[in-house]
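Colleague: no letters, just coordinates:
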C-alpha cells in the first residue's frame, strides 16, 4: 500500500464495523451521541437517519452510506473504524444485570474490527502526517508573508523619514522609535531610550543570550572618533556581558574604523547595512551574528552587510 493511495476498504471491515457499532453502548441516546461526535466533521452523513430505529438498523444505514460514498468519505470511515476498534471501556454495559455477557460480546466485536482494520492504521497515520505537514507549511508561509509585509512597511517608513525636514533632535527621536520597531520584528526584545546614572541610552535589545545597548545617529556626515569613544565608555561601564551597536545612517569616519580595528566593545551598522535589511537582502539577526563573530575574531567594529550578500 503506497502512502496516501485510495486502497478500497474491504467488505469484511465494513461488516465488522456494522457488528461493533451497536454493541459498544447500550442506550439509543448514547449511541446517537457517539455517532454524532465521531462524525462531527461530516454531519451530512447522519442527515435523515431515524435514530428511533434499533441500533442495529441505524448502524446498517450509517455504514451503508459510508460504503456507498467511500470515494468522498474514506478517511472519515477509517477514523471511525479505528476509533471503535480501539474502544476499551464499556461503562454502560458493565452496569447491566448481565453486564459481563454484554461486555464480552462488545470486546469480541471490537477485536474482530481491530483485526480487519489493522492494515489501515499505517495509511491513516501517513495521511495525518502529510496533512499536518501541509498545515504547518501553510502556517509558516503565512507568517513569512506577514513578516515580509511588516518589513516592507518599515522600509517605506524609513524612506519617508529620510525625506522629512525635521530638526536633528526630533529626527533622532523618530529614528530610535523606528529601530525599536525593527528590533521587535526580529524578536530582539528591544527597549526604547532610557536614562541610567544620568546618562542617556538610545535603546537596548537582547540577542543570542547577549545584551546590547544602542547608539543611534542620523547625521549628514560620518560619526567621528569622539562620539565613538563616548559610546565605547558607556558599553564598558555596563558589565562584561554587555555589547554595543552603534547605528549611524551617515556612516563612520576613517579614524573610528582605524582606532577600533583591533579591540572594540561595539559593532557598527551604517545606512547601507540598514537598507540591506529593509530591502530583505539579508536578515537582521544573520547580519548581527556575523558582525559579532567578525568583532570577536578580529577585534574590528566594522563588517559591512554587503559582504554577506556577495
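Modeller: Arrived safely, thanks for sending. Bear in mind that the values here come from a model prediction, so they are computed numbers and not experimental data.

Colleague: going forward, measure contacts and count neighbours with C-alpha atoms only.
Modeller: Will do.

Colleague: residue contacts, residue 83?
Modeller: With Cα atoms under 8 Å, 6 or more residues apart in numbering as the criterion, no residue contacts residue 83.

Colleague: residue 221: neighbour count?
Modeller: 12 (other Cα atoms under 10 Å).

Colleague: cool, and the one 4 residues further on?
Modeller: The local packing of residue 225 (other Cα under 10 Å) involves 18 other residues.

Colleague: wait, it touches residue 255, no?
Modeller: Yes: if you go by Cα atoms under 8 Å, residue 225 and residue 255 touch, sitting 6.0 Å apart.

Colleague: those helices in the chain, which residues are they?
Modeller: 11-20, 28-38, 55-68, 70-85, 91-94, 99-162, 168-185, 225-236, 254-259, 271-278, 284-298, 306-309 (DSSP state H).

Colleague: in a markdown table: those helices, plus distance to residue 243 and mean pLDDT.
Modeller: Converted to a markdown table, the helices of the chain look like this (distance: least, Cα to Cα, whole Å; pLDDT from 0 to 100):
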| stretch | distance to residue 243 | mean pLDDT |
| --- | --- | --- |
| helix 11-20 | 67 | 94 |
| helix 28-38 | 57 | 94 |
| helix 55-68 | 65 | 95 |
| helix 70-85 | 56 | 91 |
| helix 91-94 | 64 | 91 |
| helix 99-162 | 25 | 88 |
| helix 168-185 | 16 | 88 |
| helix 225-236 | 6 | 93 |
| helix 254-259 | 17 | 95 |
| helix 271-278 | 18 | 94 |
| helix 284-298 | 9 | 95 |
| helix 306-309 | 22 | 88 |
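
Colleague: list the contacts of the closest residue to residue 60 other than its chain neighbours.
Modeller: On the basis of Cα to Cα, 6 or more residues apart in numbering, the spatially nearest residue to residue 60 that is not a chain neighbour turns out to be residue 18, at 6.0 Å. Contact partners of residue 18, counting by Cα under 8 Å, 6+ apart, are 56, 59-60, 63.

Colleague: any idea how far residue 18 is from residue 69?
Modeller: Computed as Cα to Cα, to the nearest Å, the residue 18 to residue 69 distance reads 16 Å.

Colleague: likewise residue 230?
Modeller: Noted for residue 230: a distance of 77 Å to residue 69, by Cα to Cα.

Colleague: these two: who's more crowded?
Modeller: Using other Cα under 10 Å as the criterion, residue 230 and residue 69 rank with residue 69 on top: 13 against 10.

Colleague: spatially central residue for the chain, please.
Modeller: With distances taken as Cα atoms, centre = their mean, the residue of the chain nearest its centroid is residue 140 (6.1 Å).

Colleague: how much space between that one and residue 187?
Modeller: Where residue 187 is concerned, residue 140 sits at a distance of 16 Å (Cα to Cα).

Colleague: could you chop the chain up by domain?
Modeller: Dividing the chain into domains by automatic domain parsing, as the record does, gives the ranges 11-132, 168-309.

Colleague: compare these and give me the one nearest residue 149.
Modeller: Residue 149 lies closest to domain 168-309 among the domains of the chain, at 10.6 Å (Cα to Cα).

Colleague: need the distance between the two termini of that closest one.
Modeller: Note: domain 168-309 ends 32 Å apart using Cα to Cα.
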